[in-house]
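below: sequence and its predicted model.
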Amino acid sequence: MIRTHTCNELSRKNIGEKVKLCGWVHSIRDHGNLKFIDLRDRYGITQIVCSPEEVSEQIWNKLKELKNEFVISVEGFVVGRPEETINKKIDTGEIEVKLIDFVVLNESKNLPFEIEEKEKINETLRLKYRYIDMRKSGLQKNLIKRSDFLFYVREFLKKENFVEIETPILTKSTPEGARDFIVPSRLNPGKFYALPQSPQLFKQILMIGGFDRYYQIAKCFRDEDLRADRQPEFTQIDIEMSFIEEEDIISMVENLLKYAIEKTFEIKVEIPFKKISYNNAIEKYGTDTPDMRLNIEFVDLTKVFEKSEIRIFTEIIEKKGVIKGFFIKDGEKISLKNIEEYNEFVKNSGGNGIGWIRFKGEEIQSPLKKFLLEDIVSEIKNLSPYKTSSEVLLFLGGEKKWVNETLKNLIDKIKEKLIEQKEQFSFVWIVDFPLFEYNLEEKRIQSVHHPFTSPKIDDIKILEIEPLKVKSRAYDIVLNGIEIGGGSIRINKREIQEKIFKIIGLEEKIYLERFGFLLEALEYGAPPHGGIAIGLDRLLMILLGEESIRETIAFPKTQKGVCLLTDAPGDVEYNLLKENKIRIDISEK
RNA sequence: GGGGCCGUAGUUCAGCGGUCAAGAAUGCCAGACUGUCGAUCUGGAGGUCGCGGGUUCAAAUCCCGUCGGCCCCGCCA
């Protein structure tokens, strides 16, 4: 046995015991004839102490060769520390281990960056030397939390009778959705597998196969450009259930999240979460991923300004535009200089500028002051949800969609100032999505969610007449302004599924080729079913207070999709290409 | 496909046309030290200023290109 305890385990209770510890030399404090070594493993730090009169000359000399990050195994006696030298910063601070002997298990070169660096290290270095970055507490803590979280997810789902089933990684390319990663098939030259964007079709097939409750911690792959919260491969908590309706999934997910989050983190989760319809979200927040920590809703000033004599506004209204804005409760937080900034921002977004009114008790301050009659002012003030003695109203006018989007972008700009509690976690469900949207570039109707999403039952009758008015049985879950998951009740009738394919412009030949197996399966007793997928990396990013998804993934890729540790993607040997009947053709620019 | 920011000792940064044949902190190396825990003290080493080209009497500094990283738009059913 080369260790009897971890480096965070020993306490007063162990005093007098002979122990063996293993770990990395975290630091050496050398006082000449007294040396302290902090020995570190992932559990913690234990102080080793040694002086020449207590060990042989040979051991003492060997000790002098130790450097930081050497891996060693130490044998010694646990002793209590003198009262005045107790270190309250570490769990083992009441004891130390008096060295008897030690073995260097491996040496280490000087590290490219320090383990105990307080400042942020360049991410390129961190990714290249990921194994060193992992020795630091930050990434280590995140990966352990990730593991804990998944354990509680599995525990919850197991208790709820879910079956964890793996689905293939080598699968078939699907025409809708993101770009696929492809894998050549040597046994079928010229043909390719695709890596799954999600296990969508397999989980539906599992429902038809009678597994009424399925889940998987599923790797998904999408060959799209990366962002702070997007990696080409990521993990979803993928769930599907039979014999259920929207509300069953929603409440199951609420309970799951509450359980796993509260078990893993010091976070209280209040359920049920709020629900907002898609249309309402757009009207009130200008987005289908509103940040509910903000407590800011748009107010519609169109009717108020319609009666005013202010030309710039009445003109907008005549052109069917709208005037909308939002109140900021703590008006003092917004200076004139800030407003000037926002004005520039609105102009850069293609508008005329921003309108604003500052309410100070009975007084108002505004560039429009001389045009604002008293009754208009009081009507506007009445729209405030806060009615404090010091608030600011920011507003703009124009085409409705532009106004909603610009106000939302403006809020994003001001957000940092307005969020009172950063450590707050505010979930919201977005429901009643439209089933389809019109793609202007491709001039065709496409699915908002995915083509297997069921329309609302009442809307099936207008499916082919007014498809853009059809609502879907889809739901998204949003946390602090970021989409962390989404799902729907699926179509379980071949006839409707075929209609959907046709509406989104898939020819019969194409959809039979791609999805024929699903359509056929739907004819053999497909139960009503639905599910959800939760983006694990993203959810953890938010819960851990990280700015990037990469902080929750052991081996993430850079923005160009490169793994700096392994240098993937790389060249492959010519023979491998030949066996796969692949010829490289990189045309010059 | 496009926009923005960044690249200087091992690390984090400063320097942004001229006493810079580049500097701080930390780390590293050597020596001293028996109660430290961000040890302390003394001394020392350490740089293709990402790479290539240009402008200039003079470039880490300005310009162009290129490579790499980050953030964003497009894209991500």
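Nice, thanks for sending it over.

for the rest of this, base every contact and every neighbour count on C-alpha atoms.
Will do.

my read: residue A:497 touches residue A:519, true?
Yes - using Cα atoms under 8 Å, residue A:497 is in contact with residue A:519, at 7.5 Å.

and the closest residue to RNA strand B within the stretch 201-350 of chain A, what does it touch?
Nearest to RNA strand B, among the residues of the stretch 201-350 of chain A, is residue A:228, at 3.4 Å (Cα to the nearest atom of the strand). By Cα atoms under 8 Å, 6 or more residues apart in numbering, the contact set of residue A:228 is A:547, A:548, A:549, A:550.

just confirm the first one is within a strand.
It stands for residue A:547. No - using DSSP: H, G, I helix; E, B strand; the rest coil, the assignment for residue A:547 is coil, not a strand.

ok, it to residue A:537 distance?
12 Å (Cα to Cα, to the nearest Å).

look up how far RNA strand B lies from residue A:399.
According to Cα to the nearest atom of the strand, to the nearest Å, residue A:399 and RNA strand B sit 17 Å apart.

quick check: closest non-adjacent residue to that residue.
residue A:321 (4.6 Å; Cα to Cα, 6 or more residues apart in numbering).

tell me the contacts of the one you found?
A:397, A:398, A:399, A:400.

would you map the helices across the stretch 101-250 of chain A?
For the stretch 101-250 of chain A, the helices defined by DSSP state H, counting those that start in this stretch occupy A:123-128, A:130-133, A:137-159, A:200-208, A:246-264.

before we move on, the earlier item: report pLDDT for the residue nearest to residue A:399.
For residue A:321, the pLDDT comes out at 89.

okay, it and residue A:390: tell me how far apart.
29 Å.

select only the buried ones of the contacts of residue A:228 in PyMOL?
Applying 16 or more other Cα atoms under 10 Å to the contacts of residue A:228, the buried members can be selected in PyMOL as follows:
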select buried, chain A and resi 548+549+550
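
quick one, strands of the stretch 251-400 of chain A?
A:274-277, A:299-300, A:322-328, A:355-360, A:363-365, A:390-398 (DSSP state E, counting those that start in this stretch).

residue A:219 contacts residue A:236, correct?
Yes - assessed by Cα under 8 Å, residue A:219 is found in contact with residue A:236 at 6.4 Å.

of the two, who's got more company?
Under the criterion of other Cα atoms under 10 Å, the comparison of residue A:219 against residue A:236 puts residue A:236 first, with 23 against 18.

now do the contacts for the residue nearest to residue A:330 when sequence neighbours are not counted.
With sequence-adjacent residues excluded and distances taken as Cα to Cα, 6+ apart, residue A:330 is closest to residue A:391, at 5.6 Å. By Cα under 8 Å, 6+ apart, the contact list for residue A:391 reads A:327, A:328, A:329, A:330, A:331, A:332, A:358, A:359, A:360.

ok now do the last one, which residues does it touch?
This points to residue A:360. For residue A:360, counting by Cα under 8 Å, 6+ apart, the contacting residues are A:389, A:390, A:391.

name whatever forms a beta bridge with the second one.
To tie it back to what came earlier, the one meant is residue A:390. residue A:360 (DSSP bridges).

which residues sit in contact with it?
Counted by Cα under 8 Å, 6+ apart, residue A:390 has contacts A:329, A:330, A:331, A:332, A:358, A:359, A:360, A:361.

kindly recompute the last result at 6 Å.
By Cα atoms under 6 Å, 6 or more residues apart in numbering, the contact set of residue A:390 is A:331, A:359, A:360.

okay, now the residue of the stretch 51-200 of chain A found nearest RNA strand B: neighbour count?
Closest approach between the stretch 51-200 of chain A and RNA strand B, counting by Cα to the nearest atom of the strand: residue A:177, at 2.8 Å. A count of nearby residues for residue A:177, using other Cα under 10 Å, gives 13.

check the gap between the closest residue in space to it that isn't next to it in sequence and RNA strand B for me.
Distances taken as Cα to Cα, 6+ apart place residue A:450 nearest to residue A:177, at 7.7 Å, with adjacent residues excluded. Per Cα to the nearest atom of the strand, residue A:450 is found 4 Å from RNA strand B.

residue A:529 reaches residue A:242, doesn't it?
Yes - between residue A:529 and residue A:242 there is a contact under Cα atoms under 6 Å: 4.1 Å.

which parts of the stretch 401-550 of chain A are strands?
Assigned by DSSP E, counting those that start in this stretch, the stretch 401-550 of chain A shows strands spanning A:427-431, A:436-439, A:444-447, A:474-479, A:482-489, A:529-535.

any idea how far the fifth one is from the chain center?
If I follow you right, that is strand A:482-489. In this view, strand A:482-489 has its centroid 12 Å away from the chain centroid, taken as Cα atoms, centre = their mean, to the nearest Å.

any idea of the mean pLDDT in that strand?
Per-residue scores along strand A:482-489 average to 96.

list the strands paired with it, with their directions.
When DSSP bridges is applied, strand A:482-489 pairs with strand A:474-479 (antiparallel), strand A:529-535 (antiparallel).

name the residues of the longest one that are buried.
Across strand A:529-535, burial judged by 16+ other Cα under 10 Å covers A:529, A:530, A:531, A:532, A:533, A:534, A:535.
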